[in-house]
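**Q** What follows is a protein structure lacking sequence information:
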């Protein structure tokens, strides 16, 4: 059976969590460096991702980890057009952490992006390159990346206009082109 992309990305995210070092800001404003962190991984439509975060935000009972988050948007169209590889697909993802609406862009850059999101992003790109299940040309992961400061200040919305229940800062990864290696998926 062919290994599913949702499962492959989960294992990559787990590897990133084990290797990454982030700096968390505590409620009192002090910081602590953390090596190896649990990263929440979810896959699904934008509405599904929003709903899962909302459930975890509104629950009175202890819930599984919410942030930091790496989410894989679905559906993923798989292209099978060569015997030289298992399949190709293009992924869209988001890396997110909790934020505050009243933070300035400078505060977001320092607290969210430099301390949490960019280390996870860099770790994700390295883990993808190092994973033998993928074939890469020129040791490069083709994709686009954008730091989204507006989610934290103005809200994050799904395609139907539903707003995530709390502010987040996020890195959007779009058009990440992957090829799954035949050798490792049989």
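**A** Thanks, I have the structure now. In this text the structure is predicted, and so the values were computed from the model without any measurement. Numbers count the residues shown, from 1 in each chain.

**Q** biggest helix in this structure by residues?
**A** In the chain, with assignment by DSSP state H, the single longest helix is helix 5-19.

**Q** taking the mean pLDDT, what do you get for that one?
**A** Mean pLDDT, helix 5-19: 97.

**Q** Starting from it, tell me the next helix or strand along the chain.
**A** strand 21-25 (DSSP states H and E).

**Q** What is that next one packed up against?
**A** If contacts are counted by 3 or more C-beta pairs under 8 Å, 6 or more residues apart in numbering; DSSP states H and E, strand 21-25 sits against strand 31-35, helix 118-130. Backbone N, C-alpha and C define where each C-beta goes, glycine included.

**Q** Tell me which of the ones you listed approaches residue 174 most closely.
**A** Comparing the helices and strands packed on strand 21-25 by their distance to residue 174 (C-beta to C-beta), the top pick is helix 118-130, with 12.9 Å.

**Q** Quick check: mean pLDDT of the closest one?
**A** 98.

**Q** Can you check what angle separates it from helix 5-19?
**A** 120 degrees (axes from the mean of the first three to the mean of the last three C-alpha atoms, to 10 degrees).

**Q** List the pairing partners of the next helix or strand after helix 118-130 within its sheet, with orientation.
**A** Next helix or strand after helix 118-130 toward the C-terminus (DSSP H and E): strand 144-148. Sheet pairing of strand 144-148 (DSSP bridges) gives strand 168-180 (antiparallel).

**Q** what about the residue nearest in space to the middle of the chain, distance to residue 79?
**A** Nearest to the geometric centre of the chain sits residue 70, at 2.3 Å (C-alpha atoms, centre = their mean). Distance of residue 70 to residue 79, given as C-beta to C-beta, to the nearest Å: 23 Å.

**Q** Kindly report the same for residue 164.
**A** For residue 164, the distance to residue 79 (C-beta to C-beta) stands at 31 Å.

**Q** between those two, who's got more neighbours?
**A** residue 164 (20 against 11; other C-beta atoms under 10 Å).

**Q** OK, contacts around the more buried one?
**A** Neighbouring residues of residue 164 by C-beta atoms under 8 Å, 6 or more residues apart in numbering: 50, 53-54, 151, 155-158.

**Q** Now, of those residues, which are buried?
**A** Neighbour-count burial (16 or more other C-beta atoms under 10 Å) applied to the contacts of residue 164 gives 50, 53, 151, 156.

**Q** Among those, which one sits closest to residue 19?
**A** For those, the nearest to residue 19 is residue 53 (24.7 Å; C-beta to C-beta).

**Q** Might you report the residue contacts of that closest one?
**A** 66, 69, 164-166.

**Q** ok, of the residues you listed, which one's closest to residue 84?
**A** Nearest member of the contacts of residue 53 to residue 84, counting by C-beta to C-beta, is residue 69, at 34.2 Å.
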